[in-house]
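*Asks:* I would like to see how this sequence folds:
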Amino acid sequence: MNYKIICEQTVALARETGKFIQSQKQSVLEKDIQTKGVHDFVTRVDKASESMIINELKKILPSSTFLAEESASDAKIEETTWIIDPLDGTTNFIHHLPLFTISIALMHKNELVIGVIYEPNLDECFYAWKDGGAWLNGTQISVSKTKTLHDSLLATGFPYYDYQHLDGFMEFLKYTIRETRGLRRLGSAALDMAWVACGRFDAFYEYGLRPWDVAAGACIVSEAGGRVTDFNNLPDCIFQKEIIASNNQVHDELVREMRKCFFSGKNN
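*Replies:* Below is the predicted model:
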């Protein structure tokens with residue numbers, strides 16, 4: 001399997017999907033928005049984008065299966081599985097905030113081998129393939145060289161449906177306010193991770209996430225020289241609903257300080 005060629009085809013597909021989403025964003029009405037869960041929304045654009053992506057990916061790898069946000073109940077993880085979020089940042093999208101992404105990853109034999117994240121408002125496409133490095137619009141990227149949390153800019157996402165660790169989250173938020181250069185919340189976990197990969201953020205953490213939120217970003221951050229783990233510092237984290245992605249330099253310090261405030265849901 002030629003990961004580079006498949007990645008290039010996926011990049012082209014992500015860009016085409018981005019054009020479609022951009023063409024639809026002014027026409028989405030309240031009646032087009034459905035509620036999947038607490039503060040969890042989907043629009044006809046999410047669903048149409050997912051169908052478009054799946055149909056085209058079937059042409060690239062006909063025998064592959066799919067784990068996609070809007071059809072996850074039908075998913076099975078097989079030898080070759082695409083993990084897809086057709087519109088990460090739907091809340092931003094429906095409120096006309098210009099930060100949302102298309103996120104596509106390929107898992108082959110239980111290993112992430114391709115990651116593509118496209119932000120159409122900025123026309124920035126981040127992508128990586130196994131042993132091929134990480135790239136942004138044709139230029140190779142790498143994580144930052146920041147060595148301490150004190151000098152770091154972090155990103156996170158606020159809990160929107162799972163509040164069981166909210167107290168610990170708020171404690172760690174207090175720590176980051178006091179002890180780092182600042183904390184940002186973009187509204188798209190995929191974009192947060194892409195910005196870690198290119199050095200704009202030094203680290204990102206969040207809990208309550210799904211595989212399609214983080215799979216592509218995990219591949220890109222890793223190929224950019226970063227580290228991706230769960231809150232226990234374990235690397236097998238895509239399906240654990242919690243993630244830390246960093247430049248590697250601040251990772252251990254981040255885990256240590258986070259554990260003082262709250263531990264993972266598996267151990268609480």
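*Asks:* which helices and strands does the strand or helix carrying Thr17 pack with?
*Replies:* Element membership for Thr17 (DSSP states H and E) is helix 3-24. With contacts defined as 3 or more Cβ pairs under 8 Å, 6 or more residues apart in numbering; DSSP states H and E, the packing partners of helix 3-24 are helix 44-60, strand 101-108, strand 111-119, strand 124-129. Where you see a C-beta, it was placed from the backbone N, CA and C, and this is true even at glycine.
*Asks:* Pull out the buried positions in that helix.
*Replies:* 3, 6-7, 9-11, 13-14, 17-18, 20-21, 24 (16 or more other Cβ atoms under 10 Å).
*Asks:* quick one: it to strand 124-129, angle?
*Replies:* 150 degrees (axes from the mean of the first three to the mean of the last three Cα atoms, to 10 degrees).
*Asks:* which residues touch helix 3-24?
*Replies:* Helix 3-24 is contacted from outside by 45, 48-49, 52-53, 56-57, 60-61, 86-87, 93, 100, 102, 104, 106, 113-114, 116-121, 125, 127-130, 132, using Cβ atoms under 8 Å, 6 or more residues apart in numbering.
*Asks:* quick one: the residue nearest the centre of the chain from Glu79, how far?
*Replies:* The residue lying closest to the centre of the chain (Cα atoms, centre = their mean) is Ala190, at 2.4 Å. With distances taken as Cβ to Cβ, to the nearest Å, Ala190 is found 24 Å from Glu79.
*Asks:* helix or strand for the residue nearest to the centre of the chain, which one?
*Replies:* Using DSSP H and E, Ala190 maps to helix 189-197.
*Asks:* Which SSE is immediately downstream of that helix?
*Replies:* The C-terminal neighbour of helix 189-197 among helices and strands, as given by DSSP H and E, is strand 203-207.
*Asks:* which helices and strands does that following strand pack with?
*Replies:* Counting by 3+ Cβ pairs under 8 Å, 6+ apart, strand 203-207 packs on strand 153-156, helix 189-197, strand 242-246, helix 251-261.
*Asks:* how about the residue nearest to the centre of the chain, what does it touch?
*Replies:* Neighbours of Ala190 in contact, by Cβ under 8 Å, 6+ apart: 85, 88-89, 101, 103, 117, 213-214, 216-217.
*Asks:* Repeat the analysis, applying 10 Å as the threshold.
*Replies:* Ala190 makes contact with 85, 88-89, 100-105, 115-119, 126, 212-218, 220 under the criterion Cβ atoms under 10 Å, 6 or more residues apart in numbering.
*Asks:* With adjacent residues omitted, what lies nearest to it?
*Replies:* Leaving aside its chain neighbours, Ala190 sits nearest to Ser103 (4.0 Å; criterion: Cβ to Cβ, 6 or more residues apart in numbering).
*Asks:* next one: Met1
*Replies:* Nearest non-adjacent residue to Met1, counting by Cβ to Cβ, 6+ apart: His108, 6.6 Å away.
*Asks:* With Glu50 instead?
*Replies:* Excluding its sequence neighbours, the residue lying closest to Glu50 (Cβ to Cβ, 6+ apart) is Pro86, at 3.9 Å.
*Asks:* and the contacts of helix 3-24, which are buried?
*Replies:* Neighbour counting over the contacts of helix 3-24 (16+ other Cβ under 10 Å) leaves 45, 48-49, 52-53, 56-57, 61, 86-87, 93, 100, 102, 104, 106, 113-114, 116-121, 125, 127-130 as the buried ones.
*Asks:* sorry, back to before: so the residue nearest to Ala190 bridges to which residues?
*Replies:* Using DSSP bridges, the bridge partners assigned to Ser103 are Asp85, Ile117.
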